[in-house]
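Enquirer: Okay, structure incoming, though there's no sequence with it:
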(Lines give C-alpha, C1' and ligand atoms only; values in the text may rest on other atoms or scores of the structure.)
Protein backbone atom coordinates (compact mmCIF):
# COMPACT_ATOMS: atom_id res chain seq x y z
CA UNK A 1 0.00 0.00 0.00
CA UNK A 2 1.27 3.48 -0.87
CA UNK A 3 0.66 6.87 0.75
CA UNK A 4 0.32 9.73 -1.75
CA UNK A 5 2.92 12.52 -1.61
CA UNK A 6 0.40 15.24 -0.81
CA UNK A 7 -0.91 13.06 2.01
CA UNK A 8 2.63 12.59 3.32
CA UNK A 9 3.14 16.33 3.86
CA UNK A 10 -0.26 16.64 5.54
CA UNK A 11 0.59 13.68 7.77
CA UNK A 12 3.93 15.23 8.75
CA UNK A 13 2.17 18.40 9.87
CA UNK A 14 -0.50 16.46 11.74
CA UNK A 15 2.07 14.23 13.45
CA UNK A 16 4.02 17.28 14.59
CA UNK A 17 0.88 18.72 16.13
CA UNK A 18 0.08 15.36 17.75
CA UNK A 19 3.53 15.16 19.31
CA UNK A 20 3.52 18.73 20.60
CA UNK A 21 -0.02 18.52 21.97
CA UNK A 22 0.50 15.10 23.59
CA UNK A 23 3.76 15.93 25.34
CA UNK A 24 2.63 19.41 26.38
CA UNK A 25 -0.53 17.91 27.86
CA UNK A 26 0.91 14.84 29.59
CA UNK A 27 4.40 15.88 30.75
CA UNK A 28 3.37 18.73 33.13
CA UNK A 29 0.79 16.49 34.85
CA UNK A 30 2.83 13.33 34.98
CA UNK A 31 4.48 11.99 38.09
CA UNK A 32 5.39 8.66 36.59
CA UNK A 33 7.08 5.95 38.59
CA UNK A 34 10.69 5.42 37.53
CA UNK A 35 11.89 1.86 37.02
CA UNK A 36 15.16 0.33 35.87
CA UNK A 37 14.98 -0.91 32.30
CA UNK A 38 16.41 -4.27 31.32
CA UNK A 39 18.85 -3.22 28.62
CA UNK A 40 22.60 -3.30 28.10
CA UNK A 41 22.82 0.44 28.78
CA UNK A 42 23.84 1.27 32.34
CA UNK A 43 21.35 3.49 34.15
CA UNK A 44 18.61 3.05 31.53
CA UNK A 45 15.16 3.71 33.00
CA UNK A 46 11.52 3.72 31.97
CA UNK A 47 8.61 5.60 33.55
CA UNK A 48 4.85 5.37 33.55
CA UNK A 49 4.94 8.48 31.36
CA UNK A 50 6.66 6.54 28.56
CA UNK A 51 3.73 4.12 28.45
CA UNK A 52 1.09 6.84 28.78
CA UNK A 53 2.61 8.79 25.90
CA UNK A 54 2.90 5.70 23.71
CA UNK A 55 -0.76 4.85 24.30
CA UNK A 56 -1.84 8.41 23.48
CA UNK A 57 0.34 8.59 20.36
CA UNK A 58 -0.83 5.20 19.13
CA UNK A 59 -4.46 6.29 19.41
CA UNK A 60 -3.75 9.56 17.62
CA UNK A 61 -1.84 7.87 14.81
CA UNK A 62 -4.62 5.34 14.36
CA UNK A 63 -7.00 8.24 13.72
CA UNK A 64 -4.62 9.77 11.18
CA UNK A 65 -3.98 6.57 9.22
CA UNK A 66 -6.20 3.69 10.36
CA UNK A 67 -4.63 1.16 7.99
CA UNK A 68 -1.08 1.58 9.38
CA UNK A 69 0.62 -0.80 11.80
CA UNK A 70 2.43 0.37 14.91
CA UNK A 71 5.91 -0.36 16.28
CA UNK A 72 6.63 1.31 19.62
CA UNK A 73 9.69 1.20 21.87
CA UNK A 74 7.71 0.14 24.92
CA UNK A 75 6.80 -3.52 24.63
CA UNK A 76 8.77 -3.87 21.40
CA UNK A 77 8.92 -7.35 19.89
CA UNK A 78 11.20 -8.27 17.01
CA UNK A 79 9.32 -8.54 13.73
CA UNK A 80 9.99 -10.87 10.85
CA UNK A 81 8.27 -8.83 8.15
CA UNK A 82 6.37 -5.58 7.64
CA UNK A 83 4.42 -6.78 4.58
CA UNK A 84 2.61 -4.27 2.40
CA UNK A 85 1.13 -2.42 5.37
CA UNK A 86 2.51 1.04 6.28
CA UNK A 87 3.93 1.20 9.80
CA UNK A 88 4.52 3.91 12.33
CA UNK A 89 7.76 3.57 14.30
CA UNK A 90 7.52 5.46 17.59
CA UNK A 91 9.76 6.46 20.46
CA UNK A 92 7.26 8.11 22.82
CA UNK A 93 9.84 9.64 25.17
CA UNK A 94 13.44 9.81 24.03
CA UNK A 95 15.70 10.94 26.85
CA UNK A 96 13.73 9.31 29.65
CA UNK A 97 16.59 9.56 32.15
CA UNK A 98 16.76 13.32 31.56
CA UNK A 99 12.99 13.56 32.02
CA UNK A 100 13.12 11.49 35.22
CA UNK A 101 15.81 13.82 36.62
CA UNK A 102 14.01 17.04 35.61
CA UNK A 103 16.60 17.83 32.95
CA UNK A 104 14.72 19.62 30.16
CA UNK A 105 16.31 17.82 27.22
CA UNK A 106 14.12 15.07 25.82
CA UNK A 107 11.65 14.57 23.03
CA UNK A 108 9.70 12.07 20.96
CA UNK A 109 10.10 10.58 17.51
CA UNK A 110 7.70 9.18 14.90
CA UNK A 111 8.46 7.80 11.43
CA UNK A 112 6.06 6.44 8.81
CA UNK A 113 7.47 3.51 6.86
CA UNK A 114 5.99 2.45 3.52
CA UNK A 115 7.36 -0.60 1.70
CA UNK A 116 10.32 -0.61 4.07
CA UNK A 117 11.29 3.01 3.41
CA UNK A 118 10.68 6.16 5.51
CA UNK A 119 8.33 8.63 3.88
CA UNK A 120 7.66 10.86 6.92
CA UNK A 121 9.90 11.61 9.91
CA UNK A 122 8.96 13.90 12.80
CA UNK A 123 10.84 14.66 16.03
CA UNK A 124 9.63 16.95 18.81
CA UNK A 125 12.21 18.71 20.99
CA UNK A 126 10.25 19.32 24.19
CA UNK A 127 12.68 21.69 25.90
CA UNK A 128 12.89 24.01 22.88
CA UNK A 129 9.24 23.46 21.85
CA UNK A 130 10.50 22.69 18.34
CA UNK A 131 9.13 20.31 15.72
CA UNK A 132 11.55 18.89 13.15
CA UNK A 133 9.99 17.11 10.21
CA UNK A 134 10.89 15.66 6.83
CA UNK A 135 9.04 14.13 3.92
CA UNK A 136 10.91 11.92 1.46
CA UNK A 137 11.89 13.99 -1.57
CA UNK A 138 10.28 17.13 -0.15
CA UNK A 139 12.95 18.42 2.23
CA UNK A 140 13.19 19.03 5.98
CA UNK A 141 11.53 21.68 8.14
CA UNK A 142 12.00 23.20 11.57
CA UNK A 143 8.80 24.64 13.08
CA UNK A 144 7.37 24.85 9.58
CA UNK A 145 10.30 26.68 7.96
CA UNK A 146 12.64 25.01 5.49
CA UNK A 147 15.79 23.60 7.08
CA UNK A 148 19.12 22.90 5.41
CA UNK A 149 22.34 21.56 6.90
CA UNK A 150 24.56 24.55 7.77
CA UNK A 151 28.11 23.61 6.77
CA UNK A 152 29.66 26.76 8.25
CA UNK A 153 28.04 26.21 11.64
CA UNK A 154 28.87 22.52 11.59
CA UNK A 155 32.54 23.35 11.09
CA UNK A 156 32.69 25.07 14.50
CA UNK A 157 30.15 22.85 16.29
CA UNK A 158 30.97 20.12 18.83
CA UNK A 159 30.48 16.39 18.36
CA UNK A 160 27.55 14.84 20.17
CA UNK A 161 28.15 11.38 21.60
CA UNK A 162 26.30 8.84 23.70
CA UNK A 163 27.49 7.44 27.01
CA UNK A 164 27.95 4.12 25.22
CA UNK A 165 30.45 5.68 22.84
CA UNK A 166 32.29 7.25 25.76
CA UNK A 167 32.59 3.81 27.36
CA UNK A 168 33.82 2.38 24.08
CA UNK A 169 36.57 4.99 23.87
CA UNK A 170 37.79 3.93 27.33
CA UNK A 171 37.87 0.25 26.43
CA UNK A 172 40.51 -2.06 24.94
CA UNK A 173 39.43 -1.29 21.35
CA UNK A 174 39.84 2.48 21.72
CA UNK A 175 42.72 2.59 19.24
CA UNK A 176 40.41 1.21 16.58
CA UNK A 177 38.18 4.27 16.92
CA UNK A 178 40.76 7.00 16.51
CA UNK A 179 39.96 9.00 13.35
CA UNK A 180 41.33 12.43 12.51
CA UNK A 181 38.60 14.46 14.22
CA UNK A 182 39.19 12.99 17.73
CA UNK A 183 40.50 16.31 19.06
CA UNK A 184 37.10 18.00 18.61
CA UNK A 185 35.01 18.94 21.62
CA UNK A 186 32.42 16.41 22.75
CA UNK A 187 28.97 16.79 24.31
CA UNK A 188 26.52 14.24 25.75
CA UNK A 189 22.97 15.57 25.81
CA UNK A 190 20.94 12.40 26.35
CA UNK A 191 18.28 12.40 23.62
CA UNK A 192 19.35 10.66 20.44
CA UNK A 193 16.30 11.69 18.41
CA UNK A 194 16.83 15.38 19.17
CA UNK A 195 20.60 15.15 18.64
CA UNK A 196 20.00 13.67 15.17
CA UNK A 197 17.98 16.78 14.30
CA UNK A 198 20.72 19.01 15.65
CA UNK A 199 23.21 17.15 13.44
CA UNK A 200 20.82 17.63 10.51
CA UNK A 201 20.85 21.38 11.10
CA UNK A 202 24.62 21.65 11.67
CA UNK A 203 24.33 22.43 15.38
CA UNK A 204 26.44 19.32 15.91
CA UNK A 205 29.35 18.56 13.63
CA UNK A 206 28.68 14.87 14.17
CA UNK A 207 26.44 12.80 16.37
CA UNK A 208 27.66 9.33 17.36
CA UNK A 209 25.59 6.78 19.26
CA UNK A 210 26.69 3.19 19.83
CA UNK A 211 23.48 1.98 21.47
CA UNK A 212 20.79 3.65 19.30
CA UNK A 213 17.91 1.41 18.22
CA UNK A 214 15.50 1.67 15.29
CA UNK A 215 12.93 3.74 17.20
CA UNK A 216 15.64 6.25 18.21
CA UNK A 217 16.79 6.86 14.64
CA UNK A 218 13.83 6.01 12.39
CA UNK A 219 12.67 9.61 11.91
CA UNK A 220 16.05 11.30 12.35
CA UNK A 221 17.58 9.38 9.44
CA UNK A 222 15.11 10.97 7.03
CA UNK A 223 15.47 14.41 8.62
CA UNK A 224 19.26 14.26 8.25
CA UNK A 225 19.14 13.13 4.66
CA UNK A 226 16.46 15.59 3.56
CA UNK A 227 18.33 18.48 5.22
CA UNK A 228 21.55 17.62 3.36
CA UNK A 229 23.50 15.99 6.18
CA UNK A 230 24.50 12.33 6.10
CA UNK A 231 23.77 9.24 8.20
CA UNK A 232 25.38 5.82 8.56
CA UNK A 233 24.59 2.86 10.81
CA UNK A 234 27.83 0.90 11.12
CA UNK A 235 26.19 -2.18 12.64
CA UNK A 236 23.23 -2.24 10.25
CA UNK A 237 24.06 -0.09 7.22
CA UNK A 238 21.87 0.58 5.43
CA UNK A 239 18.98 0.71 7.89
CA UNK A 240 16.49 1.17 5.06
CA UNK A 241 14.84 -0.56 3.37
CA UNK A 242 13.73 -2.59 6.36
CA UNK A 243 13.52 -6.28 5.54
CA UNK A 244 12.96 -9.56 7.42
CA UNK A 245 16.74 -9.86 7.87
CA UNK A 246 17.26 -6.27 9.08
CA UNK A 247 19.19 -6.06 12.38
CA UNK A 248 17.25 -2.84 13.03
CA UNK A 249 13.89 -4.61 12.76
CA UNK A 250 15.17 -7.22 15.21
CA UNK A 251 15.85 -4.49 17.76
CA UNK A 252 19.65 -4.60 17.54
CA UNK A 253 21.82 -1.56 18.19
CA UNK A 254 22.74 0.46 15.11
CA UNK A 255 26.00 2.29 16.04
CA UNK A 256 24.82 5.35 14.15
CA UNK A 257 26.78 8.38 12.97
CA UNK A 258 25.21 11.48 11.46
CA UNK A 259 26.17 15.01 10.47
CA UNK A 260 28.83 16.45 8.16
CA UNK A 261 28.87 14.19 5.07
CA UNK A 262 32.65 14.09 4.67
CA UNK A 263 33.11 13.12 8.34
CA UNK A 264 30.36 10.51 8.24
CA UNK A 265 32.16 9.01 5.26
CA UNK A 266 35.48 9.13 7.17
CA UNK A 267 33.92 7.36 10.13
CA UNK A 268 32.25 4.82 7.88
CA UNK A 269 35.70 3.89 6.58
CA UNK A 270 37.83 4.27 9.74
CA UNK A 271 35.47 2.62 12.22
CA UNK A 272 35.22 -0.60 10.28
CA UNK A 273 38.96 -1.20 10.05
CA UNK A 274 40.50 -4.12 11.85
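Expert: Now that the structure is in, tell me what you want to look at. If you're wondering where the values come from, they're calculated on a predicted model, not measured in any experiment. Numbering: from 1, shown residues only.
Enquirer: remind me which residues of the stretch 151-274 of the chain are low pLDDT?
Expert: Within the stretch 151-274 of the chain, the stretches falling below the threshold (pLDDT under 70) are 173-183, 272-274.
Enquirer: Going along the chain, name the strands of it.
Expert: Counting by DSSP state E, counting those that start in this stretch, the stretch 151-274 of the chain has these strands, from start to end: 159-161, 186-187, 206-209, 230-233, 256-259.
Enquirer: what's the closest of those to residue 11?
Expert: With respect to residue 11, and counting by Cβ to Cβ, the nearest of the strands of the stretch 151-274 of the chain is strand 230-233 at 21.6 Å. Every residue, glycine included, has its C-beta placed from N, CA and C.
Enquirer: ok, and what's touching that closest one?
Expert: Strand 230-233 is contacted by residues 196, 217, 220-221, 224-225, 239, 248, 254-261, 264-265, 267-268 when judged by Cβ atoms under 8 Å, 6 or more residues apart in numbering.
Enquirer: List buried residues within these.
Expert: 196, 217, 220-221, 224-225, 239, 248, 254-261, 264, 267 (16 or more other Cβ atoms under 10 Å).
Enquirer: quick one, helices of the chain?
Expert: Secondary structure of the chain, counting by DSSP state H: helices at 5-26, 48-64, 96-100, 151-156, 163-169, 192-201, 214-227, 261-270.
Enquirer: Specify the angle between the first one and helix 214-227 in degrees.
Expert: Taking axes from the mean of the first three to the mean of the last three Cα atoms, to 10 degrees, helix 5-26 and helix 214-227 form an angle of 130 degrees between their directions.
Enquirer: on contacts alone, who are the packing partners of helix 5-26?
Expert: Packing partners of helix 5-26 (3 or more Cβ pairs under 8 Å, 6 or more residues apart in numbering; DSSP states H and E): helix 48-64, strand 107-114, strand 117-125, strand 130-135.
Enquirer: So what's the residue count around the residue nearest to residue 210 when sequence neighbours are not counted?
Expert: With Cβ to Cβ, 6 or more residues apart in numbering as the measure, residue 164 is the residue that lies nearest to residue 210, at 3.7 Å, once sequence neighbours are left out. Around residue 164 sit 19 other residues, with neighbours defined as other Cβ atoms under 10 Å.
Enquirer: Residue 164 and residue 98, how far apart?
Expert: Distance of residue 164 to residue 98, given as Cβ to Cβ, to the nearest Å: 16 Å.
Enquirer: ditto for residue 142
Expert: 21 Å.
Enquirer: coming back round to it: most tightly surrounded among the helices of the chain?
Expert: helix 192-201 (a mean of 30; mean count of other Cβ atoms under 10 Å).
Enquirer: Please work out the angle formed by the directions of that one and strand 117-125.
Expert: Using the same axes, to 10 degrees, one finds that helix 192-201 and strand 117-125 are set 100 degrees apart in direction.
Enquirer: how many degrees apart are helix 192-201 and strand 107-114 in direction?
Expert: Helix 192-201 runs at 80 degrees relative to strand 107-114, counting by the same axes, to 10 degrees.
Enquirer: Counting by contacts, list what helix 192-201 packs against.
Expert: Using 3+ Cβ pairs under 8 Å, 6+ apart as the test, helix 192-201 ends up in contact with strand 87-94, strand 107-114, strand 117-125, strand 139-142, strand 159-161, strand 206-209, helix 214-227, strand 256-259.
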